[in-house]
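Undergrad: Fold the stuff below for me.
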Amino acid sequence: MGDIARRFDVTRPAISQHLRVLREAGLVTERRDGTKRLYRARPETIAQLWASLEVFWSESLRTLKVAAEHEEQQRRSRRHGPRHESH
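TA: Model prediction:
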């Protein structure tokens with residue numbers, strides 16, 4: 001963990017907590033070698049997470065795009081609404 005902690009501007013306990021969460025999520029494995037803990041990424045699990053995030057973001061971005069386009073149409077119609085001619 002020391003090698004990992006040196007690369008980030010956070011405390012060692014914070015690094016430890018993040019690694020625990022990653023391990024519990026199945027994204028990394030942990031192996032003890034004496035007093036050291038060695039962590040290794042699990043590419044197959046990370047690939048599954050990446051695929052899920054792609055689906056989530058593509059759907060979310062599509063929803064956001066539709067909402068933004070709808071809002072833009074409403075804004076334009078308010079600004080350029082029907083004009084009444086005076087007689």
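Undergrad: residues in contact with the residue nearest to the spatial centre of the chain?
TA: Central residue of the chain (CA atoms, centre = their mean): Leu53, 7.1 Å from the mean position. For Leu53, the contact set (CB atoms under 8 Å, 6 or more residues apart in numbering) is empty. Quick note: C-beta positions are derived from backbone N, CA and C, even for glycine.
Undergrad: That one belongs to a helix?
TA: Yes: checked against DSSP: H, G, I helix; E, B strand; the rest coil, Leu53 lies within a helix.
Undergrad: Look at the nearest residue to Gly2 once chain neighbours are set aside and report its pLDDT.
TA: In space, and not counting its chain neighbours, Gly2 is closest to Arg12: 7.8 Å by CB to CB, 6 or more residues apart in numbering. You'll see Arg12 listed with a pLDDT of 88.
Undergrad: Arg76 too?
TA: As predicted, Arg76 sits at a pLDDT of 88.
Undergrad: Break this protein down into its structural domains.
TA: 2-41, 43-80 (automatic domain parsing).
Undergrad: Could you check how far Arg75 is from Ser52?
TA: 34 Å (CB to CB, to the nearest Å).
Undergrad: Alpha carbons of the lowest-mean-pLDDT helix or strand in the chain, as CSV, please.
TA: Using mean pLDDT, DSSP states H and E, the weakest-scoring helix or strand in the chain turns out to be helix 2-5, at a mean of 79. The C-alpha trace of helix 2-5 is given here as CSV (Å, rounded to 0.1, in the frame of the first residue of the first chain):
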residue,chain,number,x,y,z
GLY,A,2,2.9,2.3,0.6
ASP,A,3,3.8,2.4,-3.1
ILE,A,4,0.2,3.3,-3.9
ALA,A,5,-0.2,5.8,-1.1
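Undergrad: And the helix or strand just after it, what does it pack against?
TA: Per DSSP states H and E, the first helix or strand lying C-terminal to helix 2-5 is helix 12-24. Helix 12-24 is packed against helix 2-5, strand 28-33, strand 36-41, with contacts defined by 3 or more CB pairs under 8 Å, 6 or more residues apart in numbering; DSSP states H and E.
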